[in-house]
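Q: could you look at this predicted model? Sequence included:
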Amino acid sequence: MTRLIPAPHRRGLMLGAGALAASSAMAGPAFADPRAYDAALDLAASRGGAPALAGMVVGRSGATWIGVHGVRRQGAADKATRDDRWHLGSNTKAMTAALWARTVQAGLARWDLPLTEAFPDVAMHERFAGLTIDELMRHRVGLTDPGLLSPAWLGTARVDPRPLTLQRADLAAQALSAAPTGRAGTFAYGNLNYIVLGAALERLHGVSWEDLMARDLFGPLGITSGGFGAPADPAPWGHRSAAGVATAIPPGAAADNPAALGPAGTVHMTLADYGRFLSVFLDGGKGWLTGASLGRLTTPFEGPAPAYAAGWGVIRSGWAGRDRGPGPLLTHDGSNTFWYLSAALAPERGIGFVAASNDAGRGADAVGDLIGRLIRTAAA
């Protein structure tokens, strides 16, 4: 059975210490000889053992290098390519948060919109009084996954015939009418937060989150390969690893979490298209997001650690800032337990890095290794 997307590994909120330390000498957005990045990918792939491993370096105009190593599925000869689509997992969350920013820019909502106003017909539990959408997308309202997003829900959600908008509205109502299992103000990572955020977007726009993504994110950014769920053939397949054996999972409902979970983590696309989205954070919003929106999306909650913004973990790093001063390093991992993807962006330097694998087991370590190697290569 497909499991729910887990909370991000520690790497999802902070790069490995070795990768970060090795990058401390980076003086700017260096773009190395592509052959050096190719060598880094080959070495990471040879040590990781995942069916396929892919990497990307991103600049202010999009991808500057993309490399792919391996096969689309274990035991097959069909090689993965630069044009293949990869599952983003929880890195979808930054996209859903960006849709909220666009909604604020359009004057349809505000950052501090109370949950009670976002869902006026929900008999909301008193402990959500005064809490806002801004806190929701930072995982600070006390919502957690266990309970509502249970194995039983997994078994029924895939065959739920209702429109996804109704499924998400129902999940939001159930979540907000019951006492939260966490404490407001304390970080508790959960996919439920972004399902509720997606439901709020659907109420405001009167269309599904999927349609809103296509209209307001894929379209304006020139993303032509964007879709939802496990990508259909021809594409890499996700893999389940157990006892050192990887099993390819064919595209279909069983290859991803239920579609209702979409705003929290079901997007797929090519790396080049993902680079188009990431470059928004490296190039001042590209006219799609305002500077104010970028600041809100990338500024973590003022409170107890970890430093989490809206779909991004945030680290203050010496090399990530201008003139060697400290600056923000945005990081996040995503996985639906069959795929694994990591992203790290230094907006003030105008450079970012991505690593992805079609095996969430062996691929997780390979992805972390590759991200570090790409950063060290750029800093050399």
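A: In hand now; what should we look at? Please read these numbers as outputs of a predicted model, since none were measured by experiment.
Q: excluding chain neighbours, what is closest to residue 76?
A: Among residues not flanking residue 76 along the chain, residue 248 sits closest, at 7.7 Å (Cβ to Cβ, 6 or more residues apart in numbering). Every residue, glycine included, has its C-beta placed from N, CA and C.
Q: so for the helix or strand harbouring the one you found, what gets flagged as buried?
A: Following DSSP states H and E, one finds residue 248 within strand 245-249. Buried positions in strand 245-249, judged by neighbour count with 16 or more other Cβ atoms under 10 Å: 246, 248-249.
Q: and what of stretch 319-330?
A: Result for stretch 319-330 [16+ other Cβ under 10 Å]: buried residues 319-321, 327-330.
Q: stretch 130-146 now?
A: 131-145.
Q: can I get the CA coordinates of that stretch in CSV?
A: The C-alpha coordinates for stretch 130-146 follow below in CSV (Å, rounded to 0.1, in the frame of the first residue of the first chain):
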residue,chain,number,x,y,z
GLY,A,130,-7.6,33.9,15.7
LEU,A,131,-5.3,31.6,13.7
THR,A,132,-4.6,32.6,10.1
ILE,A,133,-3.8,31.2,6.7
ASP,A,134,-0.3,32.5,7.0
GLU,A,135,0.2,30.4,10.1
LEU,A,136,-1.4,27.4,8.4
MET,A,137,1.1,27.3,5.5
ARG,A,138,3.9,27.5,8.1
HIS,A,139,2.6,24.4,9.9
ARG,A,140,1.9,26.4,13.1
VAL,A,141,-1.9,25.9,13.7
GLY,A,142,-1.7,22.5,15.4
LEU,A,143,-3.0,20.3,12.5
THR,A,144,-1.2,17.0,12.2
ASP,A,145,-1.8,14.1,9.8
PRO,A,146,-2.4,11.1,12.1
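Q: quick check: mean pLDDT of that stretch?
A: Across stretch 130-146, pLDDT averages out at 97.
Q: now swap in stretch 171-189 and tell me
A: 96.
Q: circling back to that earlier point, I'd like the buried residues of strand 245-249 laid out as TSV, including distance to residue 166.
A: Output for the buried residues of strand 245-249, formatted as TSV (distance: Cβ to Cβ, whole Å):
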residue	distance to residue 166
246	37
248	33
249	28
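Q: for those residues, which one is nearest residue 116?
A: residue 249 (41.0 Å; Cβ to Cβ).
Q: from what I see, that closest one and residue 255 are in contact.
A: Yes - under the criterion of Cβ atoms under 8 Å, residue 249 makes contact with residue 255 at 4.6 Å.
Q: which neighbours do those two share?
A: Common neighbours of residue 249 and residue 255 are listed as 230, 237-238, 338 (criterion: Cβ atoms under 8 Å, 6 or more residues apart in numbering).
Q: strands - which of the residues you listed land there?
A: residue 238 (DSSP state E).
Q: in a markdown table: the shared contacts of residue 249 and residue 255, plus pLDDT.
A: Shown next, in a markdown table, are the shared contacts of residue 249 and residue 255 (pLDDT from 0 to 100):
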| residue | pLDDT |
| --- | --- |
| 230 | 97 |
| 237 | 98 |
| 238 | 98 |
| 338 | 96 |
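Q: ok, and the most crowded of the shared contacts of residue 249 and residue 255?
A: Comparing the shared contacts of residue 249 and residue 255 on neighbour count, residue 238 comes out first with 31 neighbours (neighbours: other Cβ atoms under 10 Å).
Q: let me see the ranges of the strands in this structure.
A: With DSSP E as the criterion, the chain has strands spanning 52-59, 62-70, 85-87, 227-228, 238-242, 245-249, 267-270, 313-317, 327-334, 340-346, 351-357.
Q: okay, those in a markdown table with distance to residue 118 next?
A: Below are the strands of the chain laid out as a markdown table (distance: least, Cβ to Cβ, whole Å):
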| stretch | distance to residue 118 |
| --- | --- |
| strand 52-59 | 33 |
| strand 62-70 | 34 |
| strand 85-87 | 29 |
| strand 227-228 | 23 |
| strand 238-242 | 33 |
| strand 245-249 | 36 |
| strand 267-270 | 23 |
| strand 313-317 | 25 |
| strand 327-334 | 24 |
| strand 340-346 | 28 |
| strand 351-357 | 31 |
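Q: still on that earlier bit, now, among the buried residues of stretch 319-330, which is nearest to residue 77?
A: The closest of these, once distances to residue 77 are taken by Cβ to Cβ, is residue 330, at 37.4 Å.
Q: which ones are touching the closest one?
A: Residue 330 touches 281, 298, 309, 312-314, 343-347, counting by Cβ under 8 Å, 6+ apart.
Q: and the residue nearest the centre of the chain?
A: residue 91 (0.4 Å; Cα atoms, centre = their mean).
Q: so what's that one up against?
A: Counting by Cβ under 8 Å, 6+ apart, residue 91 makes contact with 265, 267, 311, 332-334, 341, 343.
Q: show me which of these is closest to residue 42.
A: Looking across the contacts of residue 91 and measuring by Cβ to Cβ, the closest to residue 42 is residue 341, at 19.3 Å.
Q: bridging residues for that closest one?
A: Counting by DSSP bridges, residue 341 is bridged to residue 334, residue 356.
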